[in-house]
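In: whatever this is, show me its structure:
(one chain, ligands or ions: 1)
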Amino acid sequence: EEIEKGGFDHFMLKEIFEQPRAIRDTFRGRLLTDEAIVKMSGVEDNMKKFLNADRIIVVACGTSWHAGLVSEYIFEDLARIPVEVEYASEFRYRNPVITEKDVVIAISQSGETADTLAAIKLAKSKGAFVFGVCNVVGSSIARETDAGAYTHAGPEIGVASTKAFTTQITVLTLMALRLARAKGTISSSDFRRYLIELELIPEKVKKALESDAYVKTIADIYKNAKNFLYLGRGFNFPVALEGALKLKEISYIHAEGYPAAEMKHGPIALIDEQMPVAVIATKKGHYEKVVSNIQEIKSRKGKIIGIVTEGDKTVKDLADHVIEVPETEEFLTPLLTTIPLQLLSYHIAVMLDKNVDQPRNLAKSVTVE
Ligand code: G6P
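Out: Okay, the predicted model is just below:
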């Protein structure tokens, strides 16, 4: 096992640090920047289904559901396809409206999650076309779906999902770009620019990982907090949810993720000097509005951990700590902003002496209801 951990103390940390490689592997053969092409056979072969779709319904659970939520913002923004993101467990029992004109995307790291599998079977029985985004090759979900695209994250051992999440977002982004090009909803020059930017992401993830030592010092300050709040907007709202989930899963600290603007409808009542608030405030994503949320937190003496774009000054002046990530296109920022949040939960869990790779009560894949 020590050999498998490749010198890291835990699988989770190894997997966090593998992300530049995992994302690059997920690009391989698909992202052809020089030719300005995105090639995905599962999409290519079923292009008509995608182009004629009234909407995309994403079904997933846990972290995969968060990746689905990120993809909602990306598909709608780039490809102008309406997207609904569903918890598989709710969808399957809801008597949902599904037609032959729906494309269902099922996202699952393990490919074995019982609820997701049941949601797929239901969608298929109503005539929908079902596309799988799985990590485990030959898994039940990969076999049950009509077509699909694998993430190439490699085996994920840590129960708390990390590289599966970022590679799922990578696959879904490639799909959105391919469909946007086919539909003509983005110009060829934007398409080309986005591909070039996407190709730079593994290097930028590497850069984001350099915050590790600094994130550890932040973890040390807040490790005894009873609650945490995570805020983000737009593409980064799901990242806030995922940040909170990571902390809950492995450190057992209560955490909530919220869309930043919803803070005023509830969570703001919780803010006092005991409350650390991680706020994702990247340069282009409703930046001014998030900055005013940060001011509201500050005036209530909450402790602010800002996740910001490199070189940011405004948030730096307001926040207790800022963690910088490289600049990129706004729709690609989740791939970067998620990194320090993974590290934060990891270090807190280690400092609290929790079982990072096998947290209590959780399983890597949930094959029962
Ligand atoms: C479990 C795991 C999570 C995972 C979820 C969905 O709860 O602990 O890490 O996100 O199942 O799993 P899947 O394999 O379908 O992505």
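In: where's the closest residue to Leu318 other than its chain neighbours, which helix or strand?
Out: Using Cβ to Cβ, 6 or more residues apart in numbering and skipping the chain neighbours, the partner closest in space to Leu318 is Ile294 (5.1 Å). All C-beta spots, glycine's among them, are computed from the backbone N, C-alpha and C. In this structure, Ile294 is located in helix 287-299 according to DSSP states H and E.
In: the next helix or strand after that helix pairs with which strands, and in what direction?
Out: Remark: after helix 287-299, the chain's next helix or strand is strand 303-309, criterion DSSP H and E. Its sheet considered, strand 303-309 pairs with strand 276-281 (parallel), strand 321-325 (parallel) by DSSP bridges.
In: and strand 303-309, how far out from the chain's middle?
Out: Chain-centre distance of strand 303-309: 18 Å, with Cα atoms, centre = their mean, to the nearest Å.
In: picking that back up, can you count the residues close to the residue nearest to Leu318?
Out: 23 (other Cβ atoms under 10 Å).
In: what's the distance between it and Ala67?
Out: Distance, Ile294 to Ala67, by Cβ to Cβ, to the nearest Å: 26 Å.
In: what confidence value was assigned to the residue of the chain found nearest the ligand?
Out: Per Cβ to the nearest ligand atom, Gly62 is where the chain lies closest to the ligand, at 2.8 Å. The model reports Gly62 with a pLDDT of 97.
In: just to check, it is in contact with Leu245?
Out: Yes - between Gly62 and Leu245 there is a contact at 7.4 Å, judged by Cβ atoms under 8 Å.
In: go ahead and confirm Leu332 touches Glu199.
Out: No - between Leu332 and Glu199 there is no contact under Cβ under 8 Å: 10.7 Å.
In: next helix or strand past whichever strand or helix holds Lys48?
Out: Lys48 belongs to helix 47-52 when assigned by DSSP H and E. For helix 47-52, the following helix or strand on the C-terminal side (DSSP H and E) is strand 55-60.
In: so which bits of that next one are buried?
Out: Using 16 or more other Cβ atoms under 10 Å as the test for burial, strand 55-60 gives Ile56, Ile57, Val58, Val59, Ala60.
In: how many residues are close by Asp320?
Out: Neighbour count of Asp320, defined by other Cβ under 10 Å: 15.
In: pLDDT value on it, please?
Out: For Asp320, the model assigns a pLDDT of 98.
In: now do the contacts for it.
Out: Residues near Asp320 by Cβ atoms under 8 Å, 6 or more residues apart in numbering: Lys303, Ile304, Ile305.
In: contacting residues around the closest residue to Ile268 other than its chain neighbours?
Out: The shortest distance from Ile268 to any non-neighbouring residue, by Cβ to Cβ, 6+ apart, is to Glu296 (6.7 Å). Contacts for Glu296 (Cβ under 8 Å, 6+ apart) come out as Met263, Lys264, Ile268.
In: separation between Glu296 and Met263?
Out: Taking Cβ to Cβ, one finds Glu296 at 7 Å from Met263.
In: same check on Arg233?
Out: Distance of Arg233 to Met263, given as Cβ to Cβ: 10 Å.
In: same thing with Thr185?
Out: Distance, Thr185 to Met263, using Cβ to Cβ: 32 Å.
In: ok, those two, which is more surrounded?
Out: Met263 (20 against 16).
In: so what pLDDT did the more buried one get?
Out: Listed pLDDT for Met263 reads 93.
In: which parts of the stretch 101-250 of the chain sit against the ligand?
Out: Proximity of the stretch 101-250 of the chain to the ligand (Cβ under 6 Å from any ligand atom) is limited to residues Ser108, Gln109, Ser110, Thr113, Thr116, Val159, Ser161.
In: the last one: neighbouring residues, count only.
Out: The one in question is Ser161. So Ser161, with other Cβ under 10 Å, has 27 neighbours.
In: which residue sits closest to it, ignoring its sequence neighbours?
Out: Spatial nearest neighbour of Ser161, excluding adjacent residues (Cβ to Cβ, 6+ apart): Thr63 at 4.0 Å.
In: now the end-to-end length of stretch 326-336.
Out: End-to-end span of stretch 326-336 (Cα to Cα, to the nearest Å): 8 Å.
In: what of stretch 139-152?
Out: 14 Å.
In: can you list contacts of it?
Out: Outside stretch 139-152, the residues that touch it by Cβ under 8 Å, 6+ apart are 22, 25-26, 28, 40, 42-43, 45-46, 106, 108-113, 116-117, 120-121, 124, 129-137, 164, 167-168, 170-171, 174-175.
In: brilliant, that's me finished.
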